[in-house]
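Sequence and predicted structure below; questions after.
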Amino acid sequence: MSETTITPVVMPKWGLSMREGTVNEWLVEVGDEIVTGMPILNVETDKIANAVEATDAGILRRKVAEEGDVLPVKALLGVMAPEAVSDAQIDAFIADWVVPATDDDEDEQVSSDRYIEVNGLRVRYIRQGDGDDTVLFIHGFGGDLNNWLFNLDAFPESTVVALDLPAHGQTETRLTGSSLSDLAAFVADFMQALDLPAAHLVGHSLGGAIAAQLALDVPQRVRSLSLIGSGGFGAEVNEAYTQGFIDAQSRRDLKPVVELLFADTELVSRQMLDDLLKYKRLDGVSDCLQQLQDSLFAGGKQSSQPGQQLNGSVPLLLIWGEDDAIIPAHHADNAPAGSRIERISGAGHMPQMEKAAEVNRLLQQHTGSE
């Protein structure tokens, strides 16, 4: 930052559907020295509450937004600038700030869900960008593509794709098979349907095990693996989460189960619980999830460990929250020699949400997207 640079802190866009956020709490004070990646303030959306992390370093000179303000994406929240910048210059910067206009047609085209038929199954997915490299995101058990709402925009030069797995999200509530090989074959068929010859795979939890299995079964489709809190590298899995998620029928039942996912349980919002309950109440969801539980996680043990069979031929990054209460972080020790292993403090099973900026930097480095 030069002596005259003024850097805005703006309302982030977390996920394709986000239009506005509520300022909950400032975490720093005017005059504080800010470093890249530092949490600056907490913002809540209709999906989740999280910290806005600094994308640049500098001194916080002004708080523009106040706690309780509901502001659109890219609204000015604060201003960073060196001490050499005068208050009058900052006043002028704030007065001149205009929230960038959104092209409604373009925004609708980019953010709307898409559907495609794969093996007779109607599958929801999103696709954005038009780069030469493709990054494909695969969520975990009970999740959906919205689990990546902090991560999809981190690859502006790539083609980014995320899908809802069978019987998850808004994909048709039916399984085409319940083994890891079945799920990996489904993802390979999905890639074929979208004409994606190969991709950098980013998988979370069960999605990580699926990605590892795909790398074993169809290695030509996998350019790299970035696996977060991944299944497939050891036996243990917390059945209090997997079976508890299936069994929970009310917000009261579900809340302590979902809290197992996070080091910071304050991230579990009422809206998150309501969205999950709405999904769980769809016809057939509980039966499909129980089939997956019985096939993949019966007795709190993973039935397959494809990660331990990887031989290092595919570049592998493992990211684990140190406080993961679902799949133990020590499973990363079973990765093949030459793998990159990153353990993130202050994160549980969902570091891509709790420590999004740190995770995104690691993903960018591993996929060559920096």
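Thanks, I have it. Numbering: from 1, shown residues only.

Could you point out the helix or strand that follows the helix or strand of the chain with the lowest mean pLDDT?
Here the helix or strand of the chain ranked lowest by mean pLDDT, DSSP states H and E is helix 104-111, holding a mean of 44. Remark: after helix 104-111, the chain's next helix or strand is strand 114-118, criterion DSSP states H and E.

all strands for the stretch 1-150 of the chain, in order.
For the stretch 1-150 of the chain, applying DSSP state E, counting those that start in this stretch gives strands covering 7-10, 20-26, 33-34, 39-44, 49-53, 58-63, 70-72, 76-80, 114-118, 121-128, 134-138.

Sorry, wrong one. I was asking about the stretch 251-370 of the chain.
For the stretch 251-370 of the chain, the strands defined by DSSP E, counting those that start in this stretch occupy 316-321, 340-344.

Please compute how far the longest one lies from its chain's middle.
If you compare the mean C-alpha spot of strand 316-321 with that of the full chain, they lie 13 Å apart, counting by C-alpha atoms, centre = their mean, to the nearest Å.

Just checking: what are the partner strands of that strand?
Strand pairing for strand 316-321, using DSSP bridges, gives strand 222-228 (parallel), strand 340-344 (parallel).

Output the longest helix belonging to this structure.
Counting by DSSP state H, the longest helix found in the chain is helix 180-193.

Which residues does the helix or strand following that helix contact?
Later in the chain than helix 180-193, the nearest helix or strand by DSSP H and E is strand 199-204. For strand 199-204, contacts defined as C-beta atoms under 8 Å, 6 or more residues apart in numbering pick out 133-140, 143, 147-148, 151, 158, 161, 191, 209-212, 214-215, 221-230, 350, 352, 363, 366-367. In short, each C-beta sits where N, CA and C put it, glycine included.

Quick check: buried residues in stretch 225-235?
By neighbour count on 16 or more other C-beta atoms under 10 Å, the buried set for stretch 225-235 is 225-234.

which two in those are spaced the farthest apart?
Using C-beta to C-beta, the buried residues of stretch 225-235 span at most 18.3 Å, a distance reached by 226 and 234.

so where's this structure uncertain?
The model of the chain has pLDDT under 70 over residues 1-3, 15-17, 47, 102-112, 370.

Outline the domain layout of it.
Domain assignment for the chain by automatic domain parsing gives 7-96, 113-367.

Residues contacting stretch 296-314, please?
Taking C-beta under 8 Å, 6+ apart as the rule, stretch 296-314 contacts 141, 178-180, 206, 208-209, 212-213, 215-216, 219, 222-225, 227, 230-239, 242-243, 295, 316, 331, 334-339.

try it again with 7 Å
180, 209, 212-213, 215-216, 219, 222, 224-225, 230-239, 242, 295, 316, 334-338 (C-beta atoms under 7 Å, 6 or more residues apart in numbering).

I'd like to know which of these are buried.
So, by 16+ other C-beta under 10 Å, the buried ones in these are 180, 209, 212-213, 215-216, 222, 224-225, 230-234, 237-238, 242, 295, 316, 334-335.

Out of those residues, list just those in helices.
Those of those mapping onto helices are 180, 209, 212-213, 215-216, 242, 295, per DSSP H.

Adding distance to residue 325, write the residues you listed out as JSON lines.
Listed next are these as JSON lines, based on distance: C-beta to C-beta, whole Å:
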{"residue": "180", "distance to residue 325": "22"}
{"residue": "209", "distance to residue 325": "18"}
{"residue": "212", "distance to residue 325": "21"}
{"residue": "213", "distance to residue 325": "24"}
{"residue": "215", "distance to residue 325": "27"}
{"residue": "216", "distance to residue 325": "28"}
{"residue": "242", "distance to residue 325": "12"}
{"residue": "295", "distance to residue 325": "22"}
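
Closest one to residue 113 out of these, please.
Residue 113 lies nearest to residue 209 out of these, by C-beta to C-beta, at 25.3 Å.

for residue 194, what are its contacts?
Contact analysis of residue 194 by C-beta under 7 Å, 6+ apart lists 116, 161.

ok, now residue 318?
227, 230, 332, 335, 339, 341.

ditto for residue 164
Applying C-beta under 7 Å, 6+ apart to residue 164 gives the contacts 123-124, 144-145, 170-171.

and the closest residue to it other than its chain neighbours, what element?
Counting by C-beta to C-beta, 6 or more residues apart in numbering, residue 164 lies nearest to residue 171, which is 3.9 Å off, once chain neighbours are set aside. Taking DSSP H and E as the definition, residue 171 sits outside all helices and strands.

Residue 171 contacts residue 123, correct?
Yes: here residue 171 reaches residue 123: they are 4.8 Å apart, a contact under C-beta atoms under 7 Å.

Those two: which is more packed in?
Neighbour count, other C-beta atoms under 10 Å: between residue 171 and residue 123, residue 123 has more, with 24 against 21.

separation between that one and residue 170?
Applying C-beta to C-beta, to the nearest Å, the value for residue 123 to residue 170 is 9 Å.

And for residue 210?
Taking C-beta to C-beta as the measure, residue 210 falls 19 Å from residue 170.

No more questions from me, cheers.
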